[in-house]
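Chemist: A structural model of the following input is requested.
(chains A and B)
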There are 2 protein chains.
Amino acid sequence: MESIIFTTDASIVLAELLGGIRHENLFIVADKHTVGFCDRLFEKVDWIPSHVAVLDCGEEYKSIESVSRIWMMLSKRGARRSSILVCVGGGVVTDLGGFAASTFKRGMRCINVPTTLLAQVDASLGGKTGFNFNGLKNEIGTFSIPEKVIIDVHFLSHLPVRERMSGFAEMIKHGLLSDREYLTRLLSLEYQETSPEDFLELIRRSVTIKDEIVSQDPREQGLRKVLNFGHTIGHAIESLSIMRGMALLHGEAVALGLVAELYLSVKEKGFPEEIYLEVRNFVKRYYPNYPLMEHVDTLYGLMLHDKKNERRGVNFTLLPGIGEFSLDNYCSKDLVVEALSQV
Amino acid sequence: MESIIFTTDASIVLAELLGGIRHENLFIVADKHTVGFCDRLFEKVDWIPSHVAVLDCGEEYKSIESVSRIWMMLSKRGARRSSILVCVGGGVVTDLGGFAASTFKRGMRCINVPTTLLAQVDASLGGKTGFNFNGLKNEIGTFSIPEKVIIDVHFLSHLPVRERMSGFAEMIKHGLLSDREYLTRLLSLEYQETSPEDFLELIRRSVTIKDEIVSQDPREQGLRKVLNFGHTIGHAIESLSIMRGMALLHGEAVALGLVAELYLSVKEKGFPEEIYLEVRNFVKRYYPNYPLMEHVDTLYGLMLHDKKNERRGVNFTLLPGIGEFSLDNYCSKDLVVEALSQV
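Modeler: Take a look at the predicted model:
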């Protein structure tokens, strides 16, 4: 597992980590938004502004063209296997940067500095890298663990509420995969009255839950699939929303997916209905509504194409209870449509 | 380590390996030349001709565009992680196909059927995949071991002599890394009088030598660098020959590189001069001559850019004797030029 550093000042951590490295061996990837953080982040380090690849913002730039721009910077500026690529940004930046680093000269060093809650509790951890291809999310990628991940809670103060809630959906998923007490704490959280230090503790809890699962199955051959809970339907909703030009954020789609897949868990595995309703109420209150029932055929088709699915239909991870997993459940289209109608 | 199957009829082996797989899960990558082998190779298997990506032949097509063509076939035809990509061809095809397979949905199954001697004794084994980028050889790639490699000696009867000698250079390298008896056998071999079965035994010996080294250090953090013997100068010569439009084959350039790096080994590490001269005479007799001395500055610059080199200059693996290794030797430009003058 990668080593994860929790901090309230990433610039101090970076200065320590990069103290011994020569400036010509330090490379940065950011997007047009997060590049604004770099002057402050690297103020204690000897870095060269021309060693920064600045990507366009947004999921639509999660492409081979963006990866090629990073490769080209690394190649033209003479990066070596022992050079370090620091990825400063949300999940798109850490996924693209991680892929570029894991394939440049067959693997160079990589440090993630996630700047969104979603990236801090999920995307930047666990070594999944990749980009979209042929219109499909993360169709191409690698499993490659970054050397360090630096989680600085102060980035979150820059984050719009929708972005924060997007990351929060993954934390709710972690609660469902772990214990009732943590889930209850999340569902009753008053964000405005929570100190950065206390919120950092919640992030740490989520990270630990993910970490424990990933370290048992880094290449997703079994157990790790539980982290896809909510994502089979969530990914389909996200793709649909992109196709319709009314894009949901990843975590917003996952929140809706969590409700639908919890419903499947209630019906198929006896998951406690009161907890399902608690989560459903929370999602209904804090997350956007989306017209799913007009698009059930499209959604079902998208699920079938998801990489976690095999021949027998749509494969779901379901939860018999909090912290209990049931892998490889194949649900009928009728039941999936019924679940969508509950969202 | 991958499991390697030696055979005189690959179609039987493929029929056994692929017996349980449905035709929609079988994908093939070949080039315009090797696609001609596929009808016969897959005659005992239920395969679909439209699941074949046919690449253009040659090093200049070892590019991200070729990788994208393979990815697009896999994506459009609905390949899954559990699908199998069979790579039929020389090192370019197995390197490109291996990279595409290792990154498609973060890794699908892959079988190599190398059709050249070079690919059989070197390129298709050991899990190095990749393509050229920014004019640099294998600038992008992964370490990813194929599930099976099928070595069928009968492909070699289709091979032009230059291609066969290209692969033979890597076998000589294996002799130098292993034992005197094997090296002597190679240097005195009469190919025309050697049966396919006897030649298959020599291939098996080479494969075993490579295998023993790679399995100790799959990600080339130390010992595996010995397999680059002859390649630091060899790669530079190969790149120069491509730049000048008078391309040498990979193994031809490596043969010249072996002579130069053996000379460095004699001068710096006391490698036995009589063995050096034996190898040099063999290379002078069977491999093309190339005007290196007119291009020493270009060659040295190319060596400096090679990915195995760090800050202190050109890093060589040298041999104090047969089967003895000395990693991380930095040689002066003057000595490198002297070595080039001996080739």
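Chemist: does any part of stretch A:74-89 sit near chain B?
Modeler: Yes - using CB under 8 Å from any CB of the partner chain, we find that stretch A:74-89 touches chain B at A:75-76, A:78, A:80-82. Where C-beta positions appear, they are placed from N, C-alpha and C, glycine not excepted.
Chemist: pull the CA atoms of that stretch into CSV?
Modeler: Only the C-alpha atoms of stretch A:74-89 are listed here, as CSV (Å, rounded to 0.1, in the frame of the first residue of the first chain):
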residue,chain,number,x,y,z
LEU,A,74,8.7,14.1,-19.4
SER,A,75,10.4,12.9,-22.5
LYS,A,76,11.5,16.4,-23.8
ARG,A,77,12.8,17.5,-20.4
GLY,A,78,14.7,14.3,-19.9
ALA,A,79,12.8,12.7,-17.0
ARG,A,80,14.4,9.5,-15.7
ARG,A,81,12.9,6.5,-13.9
SER,A,82,14.3,8.1,-10.7
SER,A,83,12.6,11.4,-11.4
ILE,A,84,9.4,12.3,-9.5
LEU,A,85,6.1,13.3,-11.0
VAL,A,86,3.9,15.2,-8.5
CYS,A,87,0.1,15.2,-9.4
VAL,A,88,-1.7,18.2,-8.0
GLY,A,89,-5.5,18.0,-8.6
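Chemist: Looking at it now, give me its mean pLDDT.
Modeler: The pLDDT scores in stretch A:74-89 average 95.
Chemist: which parts of it are buried?
Modeler: A:74-75, A:79-81, A:83-89 (16 or more other CB atoms under 10 Å in any protein chain shown).
Chemist: which of those lies closest to chain B?
Modeler: The closest of these to chain B turns out to be A:Ser75 (CB to the nearest CB; 4.0 Å).
Chemist: Residue numbers of the stretch 51-200 of chain A in contact with chain B?
Modeler: Residues of the stretch 51-200 of chain A lying near chain B (CB under 8 Å from any CB): A:64, A:68, A:71-72, A:75-76, A:78, A:80-82, A:102-107, A:128, A:130, A:133-134, A:136, A:138-143.
Chemist: Which strand residues bridge the residue nearest to A:Ala101 when sequence neighbours are not counted?
Modeler: Take A:Ala101 and drop its neighbours on the chain: the residue closest to it by CB to CB, 6 or more residues apart in numbering or on different chains is A:Cys110, 3.8 Å away. On the basis of DSSP bridges, A:Cys110 is bridged to A:Leu85.
Chemist: how many other residues sit next to A:Cys110?
Modeler: Neighbour count for A:Cys110, taken as other CB atoms under 10 Å in any protein chain shown: 29.
Chemist: give the contact list for it.
Modeler: Residues near A:Cys110 by CB atoms under 8 Å, 6 or more residues apart in numbering or on different chains: A:84-87, A:97-98, A:101-102, A:144, A:146-147.
Chemist: what's around the closest residue to A:Leu258 other than its chain neighbours, how many residues?
Modeler: The spatially closest residue to A:Leu258, leaving aside those adjacent along the chain, is A:Gly230, at 3.7 Å (CB to CB, 6+ apart). Burial measure for A:Gly230: 29 neighbouring residues, criterion other CB under 10 Å.
Chemist: A:Gly230 contacts A:Lys173, doesn't it?
Modeler: Yes - A:Gly230 is in contact with A:Lys173 according to CB atoms under 8 Å; the separation is 5.5 Å.
Chemist: overlap in contacts of the two?
Modeler: Joint contacts of A:Gly230 and A:Lys173 (CB under 8 Å, 6+ apart) are A:254, A:258.
Chemist: Which parts of the stretch 1-150 of chain A are helices?
Modeler: Ranges of helices in the stretch 1-150 of chain A, per DSSP state H, counting those that start in this stretch, are A:10-17, A:38-41, A:64-76, A:91-103, A:117-118.
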